[in-house]
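**Student:** Sequence first, then the predicted structure, then my questions.
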Amino acid sequence: MTTLPPGLMISAPASGTGKTTVALGLLRALKDDGLKVQPFKSGPDYIDPAFHEAAAHRRSFNLDSWAMGDSLFASIAAQAAGADIVIGEGSMGLYDGVAGQGASGFGSSAETARRMGWPVVLVIDVGGQAQSAAATALGFKSYDPDLPFAGVILNRVASPRHERLARLGMERVGIPVLGVLPRRGDLALPERHLGLIQAVEHPDLDAAIAGYASFLRDHVDLDAIKAAGAAATLAAPGQLPKPPAQRIALARDAAFSFTYPHLLEGWHRAGAEVLPFSPLADEAPDPTADLVWLPGGYPELHAGKLAAATTYLDGLRRHAETKPVHGECGGYMALGAALIDKQGTRHEMAGLLGLVTSFEKRKFHLGYRRATLQAPMPGQGAGSALRGHEFHYTTILEEPDAPLAHVTDADGNPVPETGSIKGHVTGSFFHMIAEDTK
């Protein structure tokens with residue numbers, strides 16, 4: 001068994017209540033107090049962990065009860081060793097998950113908190129209500145009596161009178177109020193179609209996080225927050241995912257940044273050499289690399305620049321003549337024949353696959369994915385089963401190559417986006433999280 005530092009889960013009744021701002025402010029405020037703070041994100045999020053790392057100066061990891069088996073879950077949780085306190089951030093609402101059980105659960109933040117023994121801090125937007133917020137909090141506390149519940153942070157409080165009324169309701173049902181945040185319009189992080197902008201794109205991220213920390217310090221009882229944390233005891237961890245090659249040329253810039261931290265950590269720990277390059281800076285992948293990996297991101301925002309990056313494209317095509325190339329979601333689009341942006345302009349991509357995608361007519365694709373490979377891809381043989389997640393607004397106009405996998409959603413329903421394979425090149429719309437252990 002492994003015992004980890006005390007931790008808390010910052011969650012909410014729903015998305016859009018301010019939990020990310022609260023989490024970032026807490027991470028930085030606790031760090032500024034001299035604590036080593038380990039962040040985690042519950043669920044399949046590609047963006048928030050980078051904000052967490054900027055706030056805590058410590059790499060954040062995803063914990064996912066649908067995609068990860070017990071051994072991998074424990075291995076990732078063990079990254080908290082050596083920290084003084086752990087702050088997990090939930091996704092969507094506290095109990096939101098899928099109908100079908102995955103590797104070890106349904107993917108809710110409540111499952112992550114229960115497994116880790118983390119008491120929940122519920123961030124409640126009390127705009128438009130007062131004592132009624134206590135009914136919401138009481139419902140969340142009572143829904144799962146086995147889930148530890150630390151208390152609430154009241155967000156977007158309009159006035160001292162509003163605070164008194166909201167506190168009165170919480171006192172009536174015996175729920176601790178750990179903080180009261182006045183309504184401020186300048187605390188929202190900028191967003192785009194996949195949620196928050198990327199951390200690397202924020203114009204002044206460190207100053208913004210410092211502002212959140214100052215705001216939290218003024219309005220949240222940090223001593224009560226620290227005292228509410230509970231230590232986790234988990235089974236002995238196993239191994240993190242193995243690298244798909246020894247020398248991996250990894251695209252890394254504003255167009256390609258969605259790589260799960262636990263995968264990179266596993267690659268590094270196994271001794272793989274990760275060789276970053278920037279397609280947007282017209283850099284070619286290292287010609288000595290065994291594999292080129294294009295992660296997801298926002299190629300649709302940079303399609304013209306990518307199409308004109310001849311050094312990058314020539315190097316990528318040369319590599320694909322003899323060695324493997326793989327792309328996930330945005331990387332998959334960039335490996336295709338063309339990408340049509342939201343204005344309807346067609347941009348020629350690498351042409352290593354026949355895929356043609358369009359953002360002119362957006363179609364929302366979101367959810368967990370289970371993929372059984374029909375052909376090998378880097379690090380995985382044909383017949384392997386993988387668990388991952390898909391999140392994009394792309395419409396496929398052409399996908400002429402052989403399918404890479406048979407793909408289903410969390411309920412086992414077939415998904416038409418199968419990915420592609422052509423020669424040494426593979427790609428898919430699903431972001432791989434873990435091998436399927438069932």
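**Tutor:** Received the coordinates, thanks.
**Student:** Tell me the spacing between the most far-flung residue of the chain relative to its centre and residue 79.
**Tutor:** Distance from the C-alpha centroid of the chain, by C-alpha atoms, centre = their mean, peaks at residue 161 (37.8 Å). Distance from residue 161 to residue 79, counting by C-beta to C-beta, to the nearest Å: 45 Å. All C-beta spots, glycine's among them, are computed from the backbone N, C-alpha and C.
**Student:** what's downstream of the helix or strand hosting the residue farthest from the centre of the chain, the next helix or strand?
**Tutor:** Element membership of residue 161 [criterion: DSSP states H and E] is helix 160-173. Counting by DSSP H and E, the element after helix 160-173 in chain order, helix or strand, is strand 177-182.
**Student:** Measure how that next one sits relative to helix 160-173, angle-wise.
**Tutor:** Between the axis of strand 177-182 and that of helix 160-173 there is an angle of 160 degrees, by axes from the mean of the first three to the mean of the last three C-alpha atoms, to 10 degrees.
**Student:** And strand 177-182, what does it pack against?
**Tutor:** strand 149-157, helix 160-173, helix 205-219, helix 222-228 (3 or more C-beta pairs under 8 Å, 6 or more residues apart in numbering; DSSP states H and E).
**Student:** For residue 405, which of the ones you listed is the nearest?
**Tutor:** Residue 405 lies closest, by C-beta to C-beta, to one member of the helices and strands packed on strand 177-182: helix 205-219, at 36.2 Å.
**Student:** what are the ranges of the strands in the stretch 51-200 of the chain?
**Tutor:** 61-63, 85-89, 120-125, 149-157, 177-182, 191-192, 195-196 (DSSP state E, counting those that start in this stretch).
**Student:** can you tell me which of those strands comes nearest to residue 217?
**Tutor:** Of these, the one closest to residue 217 (C-beta to C-beta) turns out to be strand 177-182, at 10.0 Å.
**Student:** tell me the mean pLDDT for the closest one?
**Tutor:** In this model, strand 177-182 has an average pLDDT of 97.
**Student:** got it, and stretch 53-72?
**Tutor:** Stretch 53-72 carries an average pLDDT of 96.
**Student:** Could you list the alpha-carbon positions for it in PDB?
**Tutor:** C-alpha atoms of stretch 53-72 as PDB (Å, rounded to 0.1, in the frame of the first residue of the first chain):
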ATOM      1  CA  GLU A  53       1.300  23.400 -13.800                       C
ATOM      2  CA  ALA A  54       1.700  27.100 -14.400                       C
ATOM      3  CA  ALA A  55       0.000  27.700 -11.000                       C
ATOM      4  CA  ALA A  56       1.700  25.100  -8.900                       C
ATOM      5  CA  HIS A  57       5.000  24.800 -10.800                       C
ATOM      6  CA  ARG A  58       4.500  21.100 -10.600                       C
ATOM      7  CA  ARG A  59       3.300  18.800 -13.400                       C
ATOM      8  CA  SER A  60      -0.500  18.000 -13.200                       C
ATOM      9  CA  PHE A  61      -1.900  14.600 -14.200                       C
ATOM     10  CA  ASN A  62      -5.200  13.300 -15.200                       C
ATOM     11  CA  LEU A  63      -7.000  10.600 -13.100                       C
ATOM     12  CA  ASP A  64      -9.800   8.900 -15.000                       C
ATOM     13  CA  SER A  65     -11.800   6.000 -13.600                       C
ATOM     14  CA  TRP A  66     -13.400   5.100 -16.900                       C
ATOM     15  CA  ALA A  67     -10.300   5.000 -19.000                       C
ATOM     16  CA  MET A  68      -7.700   3.700 -16.500                       C
ATOM     17  CA  GLY A  69      -7.500   0.400 -14.700                       C
ATOM     18  CA  ASP A  70      -6.600   0.300 -11.000                       C
ATOM     19  CA  SER A  71      -2.900  -0.200 -11.500                       C
ATOM     20  CA  LEU A  72      -2.500   2.800 -13.900                       C
END
